[in-house]
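A.B. asks: from the sequence below, what's the structure:
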Amino acid sequence: MECKTMSRDRYVAAMLLSGAGDALGYRNQLWEYCKSGPQIHTELQELGGLNNITASLPAWPVSDDTVLHLATGESLATGKLGEELYHDLAARYVTAMTDMEGRKPGPTSILGTSQLRPGEPGGYKIPFNPSATGCGAAMRSMCIGLRFPKPSELSLLVAVSVESGKMTHNHPTGYLGSLASAFFTSLSVRGVPLEQWGSLLLQTLPLALEYVRSTDPDVQRHLEVWDYFQQSWERYLSERGLLQGTGPAVFPSSYGPAERDVEYGQWSLDGWAGRSGHDAPMIAYDALLRAGDSWEELCSRAMFHGGDSDSTGVIAGCCWGVLYGLTGVPKGNYSHLEYKGRMEAVADALHKLTWGGH
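C.D. replies: Prediction:
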């Protein structure tokens, strides 16, 4: 069954609140690199709370996450598909890396883009990287779900999210994060209940494995490290009582900023919560499950924690924007964002391509 047409306004909200989640979680490097959620919450109150924040330059720039998410979106907006799209994506990722002053791109994204040769045969592919487990692919792929949200387009969503992810993070933990962010955004568009998302993600992993088996000449190296992503998600979903896709989600009785720092840290690969491909979408999902229609609650959980808070914020903000629009969001949080015009243009173009101007 195909999904109902989603309004243009929700696409705009998805792109703007993704950028807002990034800028708020980043706070010009101050909060992305703060290891204490309680400290961030204290500093937020000293600023007068979320309602008092106008996320604009110079104090609240977007990070590498949004610059690369825009590169993905602007490439998808061309309407290209297949190899033509992949070369275009690669070219835009290379160009985006020239706009990284003060944005703190990850070393894996820097290395990956330096290896891309867009326009040359196979030039969008880079070698397998045993350490490319980071969230750099997950934090730029949400708009793939805006472009290919329909159930009939799932194989396209898998191919594009995996291929675009592999352009810098050619390791299952990295590029399956790209799939998770794109897939969750598509489920937002389709109106699928949140409690089902994790279970549906697990059901989609075999499609990704089949895609990698059929397209990657070095498939054995992927297979050797494939299971970590799935096992991490199975553990998390078991903890939340969501492994079968039926709710309600079960949360710890005490789950404030300090407790969340501990919990998020336990899901991480290297102690930095949200830094990896499996746990950036996981923290975003956890926040969405608990926040409901409260933007403030979403920010508290996804943007203001002692981990990679801009990367979890950029994913959570995009999905929340699709689900709830801009209602209840302080205008200052999104109305003066750096690159706001580009975000709106991407939303417009993706909406037209996906829904034919409805």
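A.B. asks: quick one: contacts for Gly307?
C.D. replies: By CB atoms under 8 Å, 6 or more residues apart in numbering, the contact set of Gly307 is 35, 261, 264-265, 268, 272-275, 283. The C-beta positions use only the backbone N, C-alpha and C, and glycine is treated the same way.
A.B. asks: of these, buried ones?
C.D. replies: 261, 264-265, 268, 272-275, 283 (16 or more other CB atoms under 10 Å).
A.B. asks: tell me where the chain has strands.
C.D. replies: Taking DSSP state E as the criterion, the chain carries no strands.
A.B. asks: just for it, where's the confidence low?
C.D. replies: Scanning the chain for pLDDT under 70 picks out 1-2, 357-358.
A.B. asks: what do you get if the cut-off is 90, keeping everything else the same?
C.D. replies: 1-4, 247, 270-271, 357-358 (pLDDT under 90).
A.B. asks: what about the closest residue to Val346 other than its chain neighbours, neighbour count?
C.D. replies: Counting by CB to CB, 6 or more residues apart in numbering, Val346 lies nearest to Gly73, which is 3.7 Å off, once chain neighbours are set aside. If you count neighbours by other CB atoms under 10 Å, Gly73 ends up with 27.
A.B. asks: tell me the contacts of Gly73?
C.D. replies: 15, 143, 146, 346, 349-350.
A.B. asks: coming back round to it: now tabulate the buried ones among the contacts of Gly307 in JSON lines and tack on distance to Val158.
C.D. replies: Shown next, in JSON lines, are these (distance: CB to CB, whole Å):
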{"residue": "Asp261", "distance to Val158": "33"}
{"residue": "Tyr264", "distance to Val158": "27"}
{"residue": "Gly265", "distance to Val158": "30"}
{"residue": "Ser268", "distance to Val158": "25"}
{"residue": "Trp272", "distance to Val158": "28"}
{"residue": "Ala273", "distance to Val158": "27"}
{"residue": "Gly274", "distance to Val158": "23"}
{"residue": "Arg275", "distance to Val158": "24"}
{"residue": "Ile283", "distance to Val158": "23"}
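A.B. asks: of those, which belong to helices?
C.D. replies: Among those, the residues falling in helices (DSSP state H) are 261, 264-265, 283.
A.B. asks: which residues of the stretch 1-150 of the chain fall in helices?
C.D. replies: Remark: helices assigned in the stretch 1-150 of the chain by DSSP state H, counting those that start in this stretch are 8-26, 37-46, 64-76, 82-96, 107-115, 142-147.
A.B. asks: buried ones in stretch 209-222?
C.D. replies: 209, 211-212, 216, 221-222.
A.B. asks: swap in stretch 223-232?
C.D. replies: Across stretch 223-232, burial judged by 16+ other CB under 10 Å covers 226, 228-230, 232.
A.B. asks: do stretch 285-300 as well
C.D. replies: Using 16+ other CB under 10 Å as the test for burial, stretch 285-300 gives 285-291, 295, 298-300.
A.B. asks: now those as a markdown table including distance to Arg342?
C.D. replies: Converted to a markdown table, these look like this (distance: CB to CB, whole Å):
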| residue | distance to Arg342 |
| --- | --- |
| Tyr285 | 26 |
| Asp286 | 29 |
| Ala287 | 25 |
| Leu288 | 25 |
| Leu289 | 30 |
| Arg290 | 31 |
| Ala291 | 27 |
| Trp295 | 22 |
| Leu298 | 23 |
| Cys299 | 22 |
| Ser300 | 28 |
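A.B. asks: nearest to Ala137 among the residues you listed?
C.D. replies: Tyr285 (16.5 Å; CB to CB).
A.B. asks: can you tell me how far the closest one is from Gly25?
C.D. replies: 16 Å (CB to CB, to the nearest Å).
A.B. asks: just Val62 next, same as before
C.D. replies: For Val62 relative to Gly25 (CB to CB), the value is 10 Å.
A.B. asks: likewise Leu201?
C.D. replies: Going from Leu201 to Gly25 by CB to CB gives 22 Å.
A.B. asks: swap in Ser199?
C.D. replies: For Ser199, the distance to Gly25 - CB to CB - is 27 Å.
A.B. asks: tell me which of the two has more neighbours.
C.D. replies: Gly25 (28 against 17).
A.B. asks: was I right about the more buried one contacting Phe304?
C.D. replies: Yes. Between Gly25 and Phe304 there is a contact at 7.2 Å, judged by CB atoms under 8 Å.
A.B. asks: which neighbours do the two share?
C.D. replies: What both Gly25 and Phe304 touch, as defined by CB under 8 Å, 6+ apart, is the set Trp31.
A.B. asks: what's around Glu101, how many residues?
C.D. replies: Neighbour tally, Glu101, other CB under 10 Å: 6.
A.B. asks: dihedrals phi and psi, it?
C.D. replies: Backbone dihedrals for Glu101, given as degrees, to the nearest 10, come out at phi -60, psi 120.
A.B. asks: distance check, it against Val192.
C.D. replies: 39 Å.
A.B. asks: and if you look at Gly198?
C.D. replies: On the measure of CB to CB, Gly198 and Val192 end up 11 Å apart.
A.B. asks: related to what we said a few turns ago, and among the helices of the stretch 1-150 of the chain, the most buried is which?
C.D. replies: Between those, helix 142-147 has the highest mean count of neighbours, a mean of 30, where neighbours are mean count of other CB atoms under 10 Å.
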